[in-house]
Every structure is written in structure tokens, then in C-alpha cells.
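Student: Coordinates for the following, if possible.
(3 chains)
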Amino acid sequence: MKQFTSVKDVSHLPALVKEALELKRHPYNYKYLGENKVLGLIFMNPSLRTRLSTQRAGMNLGMNVIVMDINKDGWKLETREGVIMDGDAAEHVKDAVGVMGQYCDIIGVRTFPTFENRAEDYAENVINQFIKYAGVPIISLESSTLHPLQSFADLLTITEYKKTIKPKVVLTWAPHPKSLPQAVPNSFAEWMSTAEDVDLVITHPEGYELDEKFTWNARIEYNQNKAFEGAEFIYAKNWSSYHQYGQILSKDRSWTVSADKMKLTNDAYFMHCLPVRRNVVVNDDVIDSPNSLIIKQAANRLWSAQTILKKMLEG
Amino acid sequence: MKQFTSVKDVSHLPALVKEALELKRHPYNYKYLGENKVLGLIFMNPSLRTRLSTQRAGMNLGMNVIVMDINKDGWKLETREGVIMDGDAAEHVKDAVGVMGQYCDIIGVRTFPTFENRAEDYAENVINQFIKYAGVPIISLESSTLHPLQSFADLLTITEYKKTIKPKVVLTWAPHPKSLPQAVPNSFAEWMSTAEDVDLVITHPEGYELDEKFTWNARIEYNQNKAFEGAEFIYAKNWSSYHQYGQILSKDRSWTVSADKMKLTNDAYFMHCLPVRRNVVVNDDVIDSPNSLIIKQAANRLWSAQTILKKMLEG
Amino acid sequence: MKQFTSVKDVSHLPALVKEALELKRHPYNYKYLGENKVLGLIFMNPSLRTRLSTQRAGMNLGMNVIVMDINKDGWKLETREGVIMDGDAAEHVKDAVGVMGQYCDIIGVRTFPTFENRAEDYAENVINQFIKYAGVPIISLESSTLHPLQSFADLLTITEYKKTIKPKVVLTWAPHPKSLPQAVPNSFAEWMSTAEDVDLVITHPEGYELDEKFTWNARIEYNQNKAFEGAEFIYAKNWSSYHQYGQILSKDRSWTVSADKMKLTNDAYFMHCLPVRRNVVVNDDVIDSPNSLIIKQAANRLWSAQTILKKMLEG
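Tutor: Modelled structure (predicted):
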């Protein structure tokens, strides 16, 4: 595996899931793969789960890990081509990436959308320059529009906890005080759609429709209560509008996931990628209930990362 | 050992001291204990000695170490229960900690008092949430009110350098331009009182009395000169007032530890936990004298940390 | 080797070059040297290449590596002697360094000039306090006036790519929007002069003369076009004025390295230490041409660092 930025980089998803769950049972069986190898993790944005879980994943495989917060430890990078660089940016991303590839055997990179220009964000300019110039495998630690390690971990969690062959999984929009990327819902929709043995329903207020290229296999339901009926998994997440790009169209607290709403489901598990705003996105009594999978989901971030790193080390 | 936040977590202090001094002679004998184990160090505040010595301690035991400055690399954490999280904090500490515990085998955490509310600071809300939610052993890298790794290192140093069975040890307040926590003096008093073979005297201007629950075995002496008489160790430290919580009641430079004052002692060693304001807390000619133990004290931070980590790895 | 701050710390330069190129062919042959050893890297300034390459170098030698950004992770250090420390600085550099030396077997440190006082910057006060107080070998990761790991990597690159016994190497000043240190050109001049089998020419506008103690073996040529004639290597770099210390005397874009100017050379290779301002220091068509060595130069940073660390570990 040479790059991991989307479910499209996976050749056979069921086999990958099986491999991850096997690795979870025997975490240290492949330490020889990482001998004399260095994993470089480049953060352009804050991170907690991704930062810690990916470091641990590399360590479990015997790799040395280098972490760099490029905007704090380094300097601002230019991402445009052909520019006269007499402004703030001290280095072009292609030079920085070409250099990183000389010191690291695999590079993970995290970048966020600018929200200034949807076409540019959705072109994934930054991570694509990493792929083009690094000369080593690149793993997305969340890009402008996708968060594949999260979605892979989510799929592992659903695989472990599902009670039926093809469970109803509901991705529900929820309110939030800030404008958030669409990366997690885009990616979740893409992975669930590819997984096939999932009945995916997405519910949100009108105007919050995601890019259809990720939701091709999902049903959209604007009535949250109706969407929750018979659900086996409720996956809550806020996102800002795709069509009115980056805007907050609603802060309607009636969309907060409550214990009452959970009663409409088929005793559903509650999921969220974290960090979560308690009592805004979801109420304490739901997230702290025995049906809450949030910590188990986060724990699976380690195994999704370790599986992808293993496949990259294998060539 | 499941937690280390105070001398109260130590079952038999003389045995722990012996174990640490033995480890100092043979630092790499227990590298097998840390195989496939990860130590996570979470800093909410700046740190130099603790940061470096605890990393080295983990490495000496064969552990992989992950360091995270949560306020810079991550985001602001909510610490209150039941709050509607629509403000600055992006994640609740209990969710963050629950997640960290999935990736780390032992977690160290450093937090400082807010100085806003004494009762809250002395309730140790933050580190107690780590203990409650992490599911793995927690080691204090300094909390709101205590700094046990420092005090343990101080006790090692006194054990190594004492000339009498029960030396007179003087903890002296000294001036400082800023308002500092009481964690180091509280902790020093608690450890020296527990050690028993120490004759502890605390000297400070009136109004700087520490919480009596830490000083139960110490004599208080308001006359610094009198306190210094016959002392074998002078331990200097500034702290802000406990009773007029967080306030600076004095910047009196006559309390600065000088060569003249050291002449009142029994050729005492000089100690300070560092960082130290030279020529404010203590004069250059004292801290640079052959009787100064500051670097040896700092060196013992490695062995106090490594001993505690070893006991946690042992189960 | 006890310190590495200048080519003067190298006893026999041709042997060191040979050793580095041998290490490049067999990177992992000396992992036993670093067993139970810790490399501490202290940054007072941003860094990308140095940060990553020196970490990797230590890892290749089997060392554990600790990185600390002292101004962000720690606090401001006092560097003057005998000061009453009641201002911003919380710790004296000599105390901090003395402590670091207790936890690290080798320390690398990066510091920049203040540009406030040339005599002080050129006295290298900070790195000299590291050498004086650490008690362990010190490696410069760039100091106020020199960048020896960069120059060593540059010499390796020239050794690998030179087509004649004694190639003409041209160090050319180039424009830049900000005031930059003289460390890279000083160091490059010093190393090329010491290497002997290099014909060094330095070209720059009048007023940009470097300190003569570094350029004793170079010819100065104020006409850039004339300097380029017959050159086998063009090494571009901006620096601020040494004589009108720290000032920008020119932003003349006619000094930008262009494809037309490169035609004056003997099909010269293009070199730059990075980060580089594209289309200000050098045009895209030069830096992206097959004759550009910038990535290979950066790759050699790993081998210069690893060679020096190896010599320090050997004693």
C-alpha cells in the first residue's frame, strides 16, 4: 500500500477488517516489520486521538516515531505553484515534503480545510502534494474532506457490536457552536457505503446535504425521529454546510441526541468520533450509558492505524 | 502501585528509598519490564526537569514514551460535570482521559492550580479525574498541591548527603517576583514528616503558613536566622500564601539565602528544586558553592521517576 | 569528540568525509553504540531539516531521542552572569544546562543570533554555556554564527557530485525579504576553505562582506556574472550585512539565481540549504532542473549528523 487517503485505496475491505481484528488480538506479532524504520507524523492542526493512537501503532510495529507540529516547530508553508515567495511562507510545501521523505519511511499528515474555497479544499491540494513529492507512502491523519482512519475504526466497531447481518446505521447531524469540516461524515458515508453489509441512513436539517459522491449508497431522511426508528447504531456528528460552504445554518438543540430519542431506536449503540461537546451534540445520559461505544471506538483507532502501517511496511 | 500522587501512596518509605538508590547503581537491569509498554506524559503547563527526567526514566525501563502538551497540541478541556459545552472547551477531560488510557500503559500528568478557588485546587479535581477515568496507573508530574517526584528525589539526596542520623532540615521561604503554587513546600513537608529520621523546621514570614495537614511533623520558626542555626540542609523555596490564597504578602529581600546566613548553619548543604531566580531566592555565591546540591538533586529526579515507574510496571 | 560547533572541532576532515560516506552505505552497522544512550535536542528556534534529520541520525545509532522546544515547552532562560533575576527569565541557562546533562548523554542545541549586539552574537555565549555546564558532548544544530552540520552535508554533496579534482564552487548572495543570520555562509566558507580541494569564490553586493576569519581561503568577486563563469557548483544563500550588522542593504532581484545566469557556468549544480524562497532567491526553473541538488543536500544532513553522533558515542 503506497497511500491511504480514502476507502478507495483499499483493495478488499472485508479482508482489511479481518486483518485489523486479528492484529488487535496479537498486537506485537509484526515488530520485525518496523525495524530500522521511521514513521513521521506531521500535524498542521491540533490532534489528540490521532496523535496518540498513530504513535502507539508505529511503536507496536517496532518503528521509531517522529512527531512534528509544522506550524509551531517549523514555519508557514507555501502551497501554491509558481508564486514569488516574498510573503509570510518561508518554504514551499513541495520542498519541505521532498526533504521529509529523505528522513522518514512512512509519513502521516493532518491538514484541515481552509473553508475559503470549496473547490480548493475538495481538490485536497496539501495531501496530494505530500503524495507527489515525498517519495514514501503517505497516510492521511485527516485531510480537508476525509478522515479514513476514523471511518475504518468506526467500521471495526460496528463489525464487533452488530446484532444483525445488515444493521441499520444512522448518521445524524447534531448542533455545535463552531463551523466544523465535513471530513468525518463524508468519510463515514463513503466507508459505510463501501462496506455493503450496512443499511446507511443520514439525517440532518435541510441545507446540510453532503457531497453526493460520498453518499451514493445512503438514504437521506430529514426527519430525525423517523430516521432513528429501528436503528442499531446512532452515529452523531456536527458538520457545516457543504452547499453554502462552511456555514452554520442551524444550531437547533432539538437535534441533540437525547435519551428520549434513543428510545425510538432498536436499543441502538451510540457512537461519536470525539472530541464531543457534551449536552450540545449529545446529552450526558446517552454518552455515559452502557450503550455508548465512544471509548471502544477510540480504542479501535489504534488498530485501524496499525493495520494500515503494517500494509505499508509490507510493501 | 496504581497511583502516585502523594507519599500516602507509598506503603513503606525506607524500602522505596533503598530501591531507588539500588536502581541508580544499576539503571538498565529492568529494561524487560517496559517491553511493548507505552508511557504517556501529558503536560498542561511548562516543564523542563520533569519532562526530561521522566522520559529518560521510561526509556531506561525499555518503555516507549509519548509526550503531549495538551493545551498546545490538542485543545482546552472541560473539567466540570454536567456542563452544556458550548464555550471554549472542545472536549471533556473524562472523555480525553478515557481515550488516553486506551493507548498508554501508564500516564503521567502535570497540572497547576488555577489560584481562583482554594477549595477546588486542594480538591485536586484534574488529577483525580485522570485516576477515575484512565483505567491505567497515574503518576503525578506535579499537581495543584503536591509534587511527589520532586520530594522523593529530595529525600534521596538528603539520604545520600546527611552527616548525622537525624539531620536538621530547614525549609525556608524566599522572595520571588511571581505568585507560585504551594505544591513543592507542601510535598516536601509531607515527605520529610513521613521519613521520620528528619528534624524538619519550616521558616517563613507570618502569613505564609502552609496547610497544616502537610506540616504536622514540622516546627514553624518565624525567625529565619534562628531557624538556620545548626541546620544540616537548607531547602529554599518561594510560595504564595495559603491562607490569603495565592497572594504575595512579602517580597522582602532580607529572606534571600545569602552566604552570611549559611554561616549560621552547621556547614549546611543548599537545596532548591529549580528553576530558581538567582540573586532573588538565593545568591550566586551560595548556589555556586561546593555545598550546593541543586544539580545532584535534579539528577535524582531520574531515579525517583524510574523507581515509581518500575513499581507500576511490576503491577 | 567532545564538541562539534565548527570545522575546527574536526581533527582530519578528509577522513571524516570518508567515514560519513561509508556510514551512508551501511546506516545500521553501529546501533550497538547507542544502546541505553539518550540524545537530547534543544531548540530555541524553529527547525525542520535539523529537527528531523538529527532525530533520525540518533535513531539509526540505536539511541533514544528527546526533543524539547525550550521556549514553548519550558520558559525563558537568562544568559547573563550575575543578574538579579526578577524579570521575565525563570531560570539561568547554566542551571538548565547542568540539569539537562544529567538526563542526556549527548545534547544538540539550536540557537539564533539576537542581532542586537554583534560582539555578543559572535562570542557564541549560549552554545558556549552549554559546553561549559552540560558535562556531556555538545553538538551545534546551528548557532549564532555557524551551522556546521549543514556545511558538512554540503561538503559530502560536493564530494559526491564533483566532476573535477578541485571544482570551482561559488557561494552567491541572493535577495530575501527578511534579515537572515550569517551562520550558513560563514560556515560554508570555513568548511570549503578547510577542505582545500575546493576553489571557493564568494559573490555579493558591496557591503555584504562576511567576517574575514571565515573567508581566509576565498576569493571575493562583486560581479555575480563573472563569478558564475566556469563554476561547477552554485551555492545560493541570503544573509544580512555583517559590517552594518543585521541590516538589509539590498533586495536587488537581479541577484536572483536564474536559468540565464546558470548558462554562464560549467553546467553547474545548484545548491541551497533550504528553506528557500522560490522566485526570490532562485527561480523555479533552476531549482526544479535536473542540476538541482537541494533534496540530495538535505538527505546528506542525516549522514553528517549521524557521523558526528557516532564519533561522540565512540568517546
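Student: Quick check: residues of chain A near chain C?
Tutor: For chain A, the residues found near chain C under the criterion Cβ under 8 Å from any Cβ of the partner chain are A:36, A:38, A:40, A:64, A:66, A:68, A:70, A:72-75, A:78, A:82-87, A:90-92, A:95-96, A:98-100, A:102-104. Bear in mind the C-beta positions are built from the backbone N, C-alpha and C, glycine included.
Student: ok, and which of these reach chain B?
Tutor: residue A:72.
Student: So which of the residues of chain A next to chain C are in helices?
Tutor: A:70, A:72-73, A:95-96, A:98-100, A:102-103 (DSSP state H).
Student: List buried members of those by neighbour count.
Tutor: A:70, A:73, A:95-96, A:98-100, A:102-103 (16 or more other Cβ atoms under 10 Å in any protein chain shown).
Student: any idea which of those residues is closest to chain B?
Tutor: residue A:73 (10.6 Å; Cβ to the nearest Cβ).
Student: Thought residue C:46 was touching that closest one, still the case?
Tutor: Yes. With contact defined as Cβ atoms under 8 Å, residue A:73 reaches residue C:46; the gap is 6.3 Å.
Student: What's opposite residue A:108 in the beta bridge?
Tutor: Taking DSSP bridges as the rule, residue A:108 bridges to residue A:41, residue A:139.
Student: Then residue A:22 would be within a helix, right?
Tutor: Yes. Under DSSP: H, G, I helix; E, B strand; the rest coil, residue A:22 sits within a helix.
Student: Quick check: the residue of the stretch 1-150 of chain A nearest chain C.
Tutor: Closest approach between the stretch 1-150 of chain A and chain C, counting by Cβ to the nearest Cβ: residue A:91, at 3.4 Å.
Student: sorry, back to before: can you list the buried ones among the ones in helices among the residues of chain A next to chain C in JSON lines and add pLDDT?
Tutor: Compiled in JSON lines, these are given as follows (pLDDT from 0 to 100):
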{"residue": "A:70", "pLDDT": "88"}
{"residue": "A:73", "pLDDT": "79"}
{"residue": "A:95", "pLDDT": "97"}
{"residue": "A:96", "pLDDT": "96"}
{"residue": "A:98", "pLDDT": "97"}
{"residue": "A:99", "pLDDT": "97"}
{"residue": "A:100", "pLDDT": "97"}
{"residue": "A:102", "pLDDT": "98"}
{"residue": "A:103", "pLDDT": "98"}
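Student: which residues does the residue of the stretch 151-300 of chain A found nearest chain B contact?
Tutor: Going by Cβ to the nearest Cβ, chain B is nearest to residue A:275 of the stretch 151-300 of chain A, at 3.4 Å. Residues in contact with residue A:275 (Cβ atoms under 8 Å, 6 or more residues apart in numbering or on different chains) are A:48, B:75, B:90-91, B:95-96.
Student: can you do 7 Å?
Tutor: Applying Cβ atoms under 7 Å, 6 or more residues apart in numbering or on different chains, we find residue A:275 in contact with B:75, B:90-91, B:95.
Student: just to confirm, which helix or strand has the closest residue to residue A:99 other than its chain neighbours in it?
Tutor: Leaving aside its sequence neighbours, residue A:99 sits nearest to residue C:298 (Cβ to Cβ, 6 or more residues apart in numbering or on different chains; 4.4 Å). Element membership of residue C:298, judged by DSSP states H and E, is helix C:294-313.
Student: Contacts for that helix, please.
Tutor: So helix C:294-313 is in contact with A:95, A:98-99, A:102-103, C:1, C:4, C:16, C:19-20, C:23-24, C:30, C:33-34, C:37, C:39, C:49, C:53-54, C:56-58, C:60-61, C:106, C:137, C:139, C:149-150, C:152-154, C:156-157, C:271-272, C:274, C:287, going by Cβ under 7 Å, 6+ apart.
Student: do stretch A:154-165 and chain B meet?
Tutor: No. Using Cβ under 7 Å from any Cβ of the partner chain, stretch A:154-165 never reaches chain B; the gap is at least 12.4 Å.
Student: ditto for stretch A:230-237
Tutor: No. Using Cβ under 7 Å from any Cβ, we find that stretch A:230-237 stays clear of chain B, coming within 13.5 Å at best.
Student: from the chain's centre, how far out does that stretch sit?
Tutor: 17 Å (Cα atoms, centre = their mean, to the nearest Å).
Student: and the helix or strand residue A:285 falls within, what other elements does it pack with?
Tutor: Using DSSP H and E, the element containing residue A:285 is helix A:284-287. Packing partners of helix A:284-287 (3 or more Cβ pairs under 7 Å, 6 or more residues apart in numbering or on different chains; DSSP states H and E): helix A:259-262.
Student: State the mean pLDDT of the following helix or strand past the helix it packs on.
Tutor: Downstream of helix A:259-262, the first helix or strand assigned by DSSP H and E is strand A:269-271. Regarding strand A:269-271, the rounded mean pLDDT is 98.
Student: which secondary element of chain A has the worst mean pLDDT?
Tutor: Taking mean pLDDT, DSSP states H and E as the measure, chain A has helix A:70-73 as its least confident helix or strand, at a mean of 82.
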